[in-house]
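In: compute the structure for the input listed below.
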Amino acid sequence: MTQIIIDHNPSEEKLKELGVKSWNTWDCAPSKFPLDFTATEKAYVLEGEFKVTPQGGDTVTIKAGDYVEFPKGLKSQWEVVKQLKKHYKHF
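Out: Prediction:
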């Protein structure tokens, strides 16, 4: 199974090296929806909290301050618990 990678405390150096401040920004109000990834997505959560349940896997909780990578081909169900704002980039 493809893995979601979460770094709960990325260093400023890592974020600067990745260039996250130049990535697109996405906002989402609390909601539930399916999300399938056609490309690898790397993201840094600026605000909020959400839960991702990969198809056939365990739910993970992602919060403000987390850096996360969603692999290409991942099929998942999202639940945005608190207003979400994140920087993201597709690879």
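In: name the residues linked to the closest residue to residue 6 other than its chain neighbours by a beta bridge.
Out: Closest residue to residue 6 apart from its sequence neighbours, by C-beta to C-beta, 6 or more residues apart in numbering: residue 68 at 5.0 Å. In short, each C-beta sits where N, CA and C put it, glycine included. Beta-bridge pairing for residue 68 (DSSP bridges): residue 6, residue 43.
In: local confidence estimate at residue 68?
Out: As summarised for this prediction, residue 68 has a pLDDT of 98.
In: residues making contact with stretch 6-20?
Out: For stretch 6-20, the external contacting residues (C-beta atoms under 8 Å, 6 or more residues apart in numbering) are 21, 42, 44, 60, 62, 63, 65, 66, 67, 68, 87, 89.
In: what mean pLDDT does the lengthiest strand in the chain get?
Out: Using DSSP state E, we find that the single longest strand of the chain is strand 75-90. In this model, strand 75-90 has a mean pLDDT of 98.
In: which strands or helices does it pack on?
Out: strand 24-28, strand 31-36, strand 41-54 (3 or more C-beta pairs under 8 Å, 6 or more residues apart in numbering; DSSP states H and E).
In: tally of neighbours for residue 48?
Out: Close neighbours of residue 48, defined as other C-beta atoms under 10 Å, add up to 19.
In: show me what contacts it?
Out: 28, 63, 64, 80, 81, 82, 83, 84, 85, 86.
In: which one of the residues you listed has the most neighbours?
Out: Neighbour-wise, these (other C-beta under 10 Å) top out at residue 86, 24 neighbours.
In: can I get the contacts of stretch 6-20 in CSV with distance to residue 35?
Out: Rendered in CSV, the data for the contacts of stretch 6-20 read as follows (distance: C-beta to C-beta, whole Å):
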residue, distance to residue 35
21, 24
42, 15
44, 17
60, 13
62, 13
63, 18
65, 21
66, 17
67, 18
68, 13
87, 17
89, 16
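In: taking these, tell me the two that lie furthest apart.
Out: Maximum pairwise distance among the contacts of stretch 6-20 (C-beta to C-beta): 24.5 Å, between 21 and 60.
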